[in-house]
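Participant: give me coordinates for this.
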Amino acid sequence: MAARRSAAATREEIRAAATRLFRERGFTGSSVRDIAAAASSDPALVIRHFGSKELLFLETMQLSFDDDRLRDVPLGALGERFVEALLATDDDTRRVFLALIQASGEPAVAARLAELHDANFVAPLRARLTGTEVDARARTAGALLAGLLYSLWVVDDGAALTADRDGLVRRYGALLQAVIDG
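Facilitator: All right, here's what the predicted structure looks like:
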């Protein structure tokens, strides 16, 4: 007879299975039954532990951009460095971003995307900017950064990246720097 798992162990196995499936298949491509099967669990336990597939998705699809490497960058060089940092993000970040975008028709996911956009792009820039229209400039810069990710990861415009990465950093960095500088 197999040993029973603790509730905490079951919850963690469900969470790990959901994380993997959501990153591989997205929100709509991962059913509660699929998640339960991958966790060697019962679908009812998925709901018991997380409430709904959407709540499980929101708990597992965390996205954060490490802006520590940008803290000591002089403001006049921040545009290019921010673009370089975005282009250096790992595949795991890309998968989470895509899963969130694909599920953005769900109101709670759309709200999470707005929070993540503000926390990862707008707030770090807002904290560094001075002068007039700080919030508007930070939001515009955030939109430019999100647009770059959309082009590269959603519509897969790899030609923009592979043709001339340094040129892309210079061109996009200059656009971003113009907004940062105001």
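Participant: hey, let's count contacts and neighbours off CA atoms from now on
Facilitator: Will do.
Participant: contacting residues around Phe82?
Facilitator: Leu70, Gly173 (C-alpha atoms under 8 Å, 6 or more residues apart in numbering).
Participant: same question for Thr93.
Facilitator: Contacts of Thr93 (C-alpha under 8 Å, 6+ apart): Leu63, Ser64.
Participant: so where's the chain shaky on pLDDT?
Facilitator: 1-4, 158-163 (pLDDT under 70).
Participant: what are the ranges of the helices in it?
Facilitator: 7-25, 32-38, 43-50, 53-60, 78-87, 91-102, 107-117, 123-128, 134-149, 158-162, 165-181 (DSSP state H).
Participant: let's have those helices in TSV, adding distance to Leu70.
Facilitator: Formatted as TSV, the helices of the chain follow (distance: least, C-alpha to C-alpha, whole Å):
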stretch	distance to Leu70
helix 7-25	27
helix 32-38	37
helix 43-50	36
helix 53-60	26
helix 78-87	7
helix 91-102	18
helix 107-117	17
helix 123-128	9
helix 134-149	14
helix 158-162	21
helix 165-181	14
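Participant: got the buried residues for stretch 90-101?
Facilitator: Thr93, Arg94, Arg95, Val96, Phe97, Leu98, Ala99, Leu100, Ile101 (16 or more other C-alpha atoms under 10 Å).
Participant: oh sorry, the question was meant for stretch 101-118
Facilitator: Ile101, Gln102, Ala103, Ser104, Val109, Ala110, Arg112, Leu113, Leu116, His117, Asp118.
Participant: now these as TSV including distance to Val46?
Facilitator: Listed next are the buried residues of stretch 101-118 as TSV, based on distance: C-alpha to C-alpha, whole Å:
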residue	distance to Val46
Ile101	23
Gln102	22
Ala103	19
Ser104	22
Val109	19
Ala110	23
Arg112	21
Leu113	24
Leu116	25
His117	29
Asp118	30
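Participant: tell me the one of those residues nearest Ala138?
Facilitator: Asp118 (9.4 Å; C-alpha to C-alpha).
Participant: residue contacts, that closest one?
Facilitator: If you count contacts by C-alpha under 8 Å, 6+ apart, then Asp118 has Gly142 around it.
Participant: any idea how far it is from Val179?
Facilitator: Distance from Asp118 to Val179, counting by C-alpha to C-alpha, to the nearest Å: 16 Å.
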